[in-house]
Each structure stands twice: as C-alpha cells, then as structure tokens.
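Novice: the sequence isn't on hand, but the structure is:
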C-alpha cells in the first residue's frame, strides 16, 4: 500500500512540474534566419561558419545575443525608430527585434554585428531579403514627429528599401 501511495504522489508531482516544451512557454518573439524560423546549427546568410545558437528561441536577454562566434559582445542595448513608414528596432548584442505597425510584437533577427567608431552595423536577413541597421553619432537627430532629440541617427535597409530614423541607448 505504501508503494502505491508513493507512486501516486510521484505521478501527481510529475504532472505539476513545469515542462520546457513550446506548448507551455509563452509565445516567443519570432526568430528569423534567412527568412525562416531560426534553426539551431544553421549557418548565417553571410556565409560565415557561425551558427545560430542552440538557444535561439530564448528571450533576447540570453547570452546568445551577446555572443558572436567565440567573442562576447560589449554592445549597449539601444532602440532605433523611424517614421514614414513607421518602424522600430530594439538591439541587444547581435539580436535585433524589428517591428512595424503590422508586426508590433516584432521579429527577432539574428545578425552579425560590426562595431564602428561612433556606432555599429547589424547585418542579417529578414524574410529571405537583406537586412541592415546602421547607427552613428548625430547629437541632433529628430524623428520629425516629436520634440525629442536623439544622440544617434539610424539607417535601416530592409528588402532593398532604405528607411531613416534615430536611435538612443535604452
């Protein structure tokens, strides 16, 4: 009888334990790599041998976003935005979450980060098309819609279309 009670309690506890399958996790930000969902082990579109991290579906605060190859990136989180058309990009390391009014939650894009003397460049793909976000210092950048002044300007190229905007550290 004691063995049956222990087995029953174990089964009840096991059913209450949180699992890690996607059905029980909150909806993640969509990951893209070459326009498709990120696949661990996939090679980057730029032809490098750097693969999408094994934890590609993890939130942007994971160390995978701060790791490029064997290097740990020292990139301050920033947010870029632009108008006409409206767009935003939240950057953390090499992870860029690109959003538009049609996709307000945003789509995470795994990029290759290249630092510059007063900004940086993030290159990747979005929906199988080139994606490039460039930032550089410009202390008087205005989004044209508000009175807010930003310390950087941003140039976004997505699917061959250039979009201008501003950026600031978060």
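Specialist: Now that the structure is in, tell me what you want to look at. Since the structure is predicted, the reported quantities are computational estimates derived from the model, not experimental observations.
Novice: going forward, measure contacts and count neighbours with C-alpha atoms only.
Specialist: Will do.
Novice: which SS class is residue 64?
Specialist: The three-state assignment at residue 64 reads helix, by DSSP: H, G, I helix; E, B strand; the rest coil.
Novice: what about it, distance to residue 94?
Specialist: Residue 64 sits 9 Å away from residue 94, going by C-alpha to C-alpha, to the nearest Å.
Novice: with residue 71 instead?
Specialist: 11 Å.
Novice: who has more neighbours out of the two?
Specialist: Between residue 71 and residue 94, counting by other C-alpha atoms under 10 Å, residue 94 is the more crowded of the two (25 against 8).
Novice: quick check on that one: phi, psi?
Specialist: Backbone torsions for residue 94, taken as degrees, to the nearest 10, come to phi -100, psi 0.
Novice: was I right about it contacting residue 111?
Specialist: Yes - using C-alpha atoms under 8 Å, residue 94 is in contact with residue 111, at 5.3 Å.
Novice: name the residues contacting each of these two.
Specialist: By C-alpha atoms under 8 Å, 6 or more residues apart in numbering, residue 94 and residue 111 have these common neighbours: residue 122.
Novice: contacting residues around the helix or strand encompassing residue 80?
Specialist: Here residue 80 sits within strand 78-82, counting by DSSP states H and E. If you take C-alpha under 8 Å, 6+ apart as the criterion, strand 78-82 is touched by 87-92, 143, 154, 163-170.
Novice: out of these, which one has the lowest pLDDT?
Specialist: pLDDT across the contacts of strand 78-82 is lowest for residue 143, at 85.
Novice: okay, helices next: where are they in this structure?
Specialist: For the chain, applying DSSP state H gives helices covering 2-16.
Novice: just give the number of residues close to residue 152.
Specialist: By other C-alpha under 10 Å, the residues close to residue 152 number 22.
Novice: with residue 138 instead?
Specialist: Residue 138 has 17 neighbours, counted by other C-alpha under 10 Å.
Novice: mind listing what's buried along stretch 126-136?
Specialist: Using 16 or more other C-alpha atoms under 10 Å as the test for burial, stretch 126-136 gives 126, 130, 131, 132, 133, 134, 135, 136.
Novice: contacting residues around the strand ranked longest in the chain?
Specialist: When the chain is parsed with DSSP state E, its longest strand is strand 129-142. Under the contact criterion C-alpha under 8 Å, 6+ apart, strand 129-142 has outside partners 34-35, 116, 118-125, 148-160, 165-167.
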